[in-house]
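>>> Pasting the sequence and the predicted coordinates here, then a few questions.
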Amino acid sequence: MFISHQEGTTFSSNGAQTNTDSMLVGFAPRLGVNLPLTALLSFWPQAEVGFGTVATNWTSGLGTNEHTRTRSWVQISAPFLIHPVSHFFVGAGPYLFHELSDADQNGYENEATTLGSSLVLGGWL
């Protein structure tokens, strides 16, 4: 389970201010395996399936707009990792994110698909 909160302020070209407050609550189990290729290099494919609810509130001088939606998604990633020292790694690789559903409180669907690359930095004790 995870909880994510974001806040921000934007200004339009005429100087109007809009404040955004967004909260995501969901569940996204992930499965992956680290496959050693050499003593310093490994491959770490992962797959994730997620489900969550997003509540967003936009406030400006013109009023407030509250919006909720329910999302489900799949994500796969395949970074290559370099292990320069024991218990530490840095890596990069492609990922694919695809929303299976993204329905708002009115039932409108707006699924998205993203293909990109990511950087990974980590370690363990």
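That came in fine, so what should we check first?
>>> can we go C-alpha only for contacts and neighbour counts from here?
Fine.
>>> Can you read off the pLDDT for the spatially most distant residue from the centre of the chain?
Distance from the centre of the chain peaks at Asn14, with 31.5 Å (Cα atoms, centre = their mean). For Asn14, the pLDDT comes out at 83.
>>> any idea which helix or strand carries it?
Asn14 is part of no helix or strand, with elements assigned from DSSP states H and E.
>>> Identify each buried residue in the biggest strand by length in the chain, please.
The longest strand of the chain (DSSP state E) is strand 88-104. Residues 89-93, 95, 97-104 are the ones in strand 88-104 that count as buried (16 or more other Cα atoms under 10 Å).
>>> would you turn those into TSV with distance to Ser117 and pLDDT?
Below are those laid out as TSV (distance: Cα to Cα, whole Å; pLDDT from 0 to 100):
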residue	distance to Ser117	pLDDT
Phe89	17	97
Val90	14	98
Gly91	11	97
Ala92	7	98
Gly93	5	98
Tyr95	6	97
Phe97	11	95
His98	14	95
Glu99	17	92
Leu100	20	92
Ser101	23	89
Asp102	23	84
Ala103	26	80
Asp104	28	77
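>>> still on that earlier bit, and the gap between the residue farthest from the centre of the chain and Ser60?
Here Asn14 is placed at a distance of 13 Å from Ser60 (Cα to Cα, to the nearest Å).
>>> Val54 now?
20 Å.
>>> pLDDT on the helix or strand containing Gly116, on average?
For Gly116, the element it lies in under DSSP H and E is strand 113-123. Averaging pLDDT along strand 113-123 yields 96.
>>> Need the CA coordinates for it. PDB is fine.
Output of strand 113-123 as PDB, limited to C-alpha atoms (Å, rounded to 0.1, in the frame of the first residue of the first chain):
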ATOM      1  CA  THR A 113       0.500   4.800 -21.900                       C
ATOM      2  CA  THR A 114       4.100   6.000 -21.200                       C
ATOM      3  CA  LEU A 115       7.300   4.700 -22.600                       C
ATOM      4  CA  GLY A 116      10.500   6.100 -21.000                       C
ATOM      5  CA  SER A 117      13.700   5.500 -19.300                       C
ATOM      6  CA  SER A 118      14.600   5.700 -15.600                       C
ATOM      7  CA  LEU A 119      17.600   6.100 -13.400                       C
ATOM      8  CA  VAL A 120      17.900   3.900 -10.300                       C
ATOM      9  CA  LEU A 121      20.100   4.400  -7.300                       C
ATOM     10  CA  GLY A 122      20.000   2.100  -4.300                       C
ATOM     11  CA  GLY A 123      21.600  -0.100  -1.700                       C
END
